[in-house]
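1. Requesting a structural model of the entry that follows:
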Amino acid sequence: MSDILAWMTGLIALVVPGFGVSEPAQWNGYVEADYVYVSAQGPGPITAMQVQDGGAVNSGDVLFVLDSRQQQAALDAAEAQVDVAQANVDNLATGSRTAEIDVIRASLDKAQADLVLARSQSERTDQLLAQGLVPQAKADQDGATLKSAAAQVAQLDAQLRVAELPARDPQRVGAEASLLVAQANAEKARADLADRTIVAPVAARVERVFFAQGEIVAAGTPVVALLPAGALKVKFYLPEADRPSFTLGQQLQVSCDGCATGLTATVSYFASDPQFTPPVIYSRDERNRLTFLVEARLDGGTLPPGQPVTIAK
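-> Residues are numbered from 1 along each chain as shown. Model prediction:
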């Protein structure tokens, strides 16, 4: 009897192609992309949009520019403040200005000449007083003039020494700290101005431009969506019974209607939680209802996001 069944099975297999041969396991999925969404750090109107849908950009290419008049004004003010603080530091480090010192030195020279004249006059008056040719009042007056001239020389000499000295340490420390603050403010203003020109972070295809020139964008709102190389992946769901036969890094076959042949994808992610299943006790019968998300990166090739695909080992 078994021979007859075997003979009939063989006969049917010859007449009906594919009879008795099971189809290879396949799973349905779709293509998804990991987009890079580019936004501005601050709000403002777009003054220049440099890209369009479908275009290609390299890393560092300008995507769009926001109005930067306020940031430019802030930078100009900050740089002016740096100049003021630097000048203050330089002034305290070198003492008084040269012109001021020259004035004090000229006054000292005149005072010294006055002192020489007053000393000579006082000496002559003392001689005449000894001869009884001038009164005592005259001698006292010339003596007072001499003392005044000497005091004037001493005052200007001290003033000159002070003017030539640099500032005291606490003053210099304060001025240098003010300079550092001004430089930091200028650097921030410079960065804020640079942030108004938004560039591509990676080489990619421009998938979508969400705003046009002249429109106002908010901080953090995506303006351009980029699709870099290697950003396409296939997402599909495995039944609980098939999941153990897949591993990270495993290469899979990918096919779809009208697609090029030979497409492959590499498994890059396994979901640990089941999908589309209510919280139930996982009995043997209920486990058949579980499915798990799997992601696989496309190994080259280009498929449009959302494209339905079939996955096979």
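
2. Only C-alpha atoms from now on, for both contacts and neighbour counts.
-> Will do.

3. Below-threshold pLDDT in this protein: ranges please.
-> Under the criterion of pLDDT under 70, the regions of the chain flagged as low confidence span 1-23, 93-97, 99, 162-170, 276-289.

4. Walk me through the domains of it.
-> The chain breaks down by automatic domain parsing into domains covering 23-34+228-312, 39-67+192-227, 74-179.

5. mind listing what Q152 touches?
-> For Q152, the contacting residues are A111, by C-alpha atoms under 8 Å, 6 or more residues apart in numbering.

6. nope, T302 is what I was after
-> By C-alpha under 8 Å, 6+ apart, the contact list for T302 reads L232.

7. So it, which state does it fall into?
-> With DSSP: H, G, I helix; E, B strand; the rest coil as the basis, the three-state label of T302 is coil.

8. What of A111?
-> The three-state label given to A111 by three-state DSSP is helix.

9. would you list the domains of the chain in JSON lines and tack on distance to A186?
-> As requested, these are exported to JSON lines (distance: least, C-alpha to C-alpha, whole Å):
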{"stretch": "domain 23-34+228-312", "distance to A186": "35"}
{"stretch": "domain 39-67+192-227", "distance to A186": "10"}
{"stretch": "domain 74-179", "distance to A186": "5"}
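
10. so which of those domains gets nearest N185?
-> For the domains of the chain, distance to N185 was read as C-alpha to C-alpha. The smallest value, 6.1 Å, belongs to domain 74-179.

11. how long is the closest one end to end?
-> Taking C-alpha to C-alpha, to the nearest Å, the span from the opening residue of domain 74-179 to its closing residue is 17 Å.

12. And it, how far out from the chain middle?
-> On the basis of C-alpha atoms, centre = their mean, to the nearest Å, domain 74-179 is displaced by 53 Å from the centre of the chain it belongs to.

13. same thing with stretch 70-89?
-> Taking C-alpha atoms, centre = their mean, one finds stretch 70-89 lying 21 Å from the centre of the chain it belongs to.
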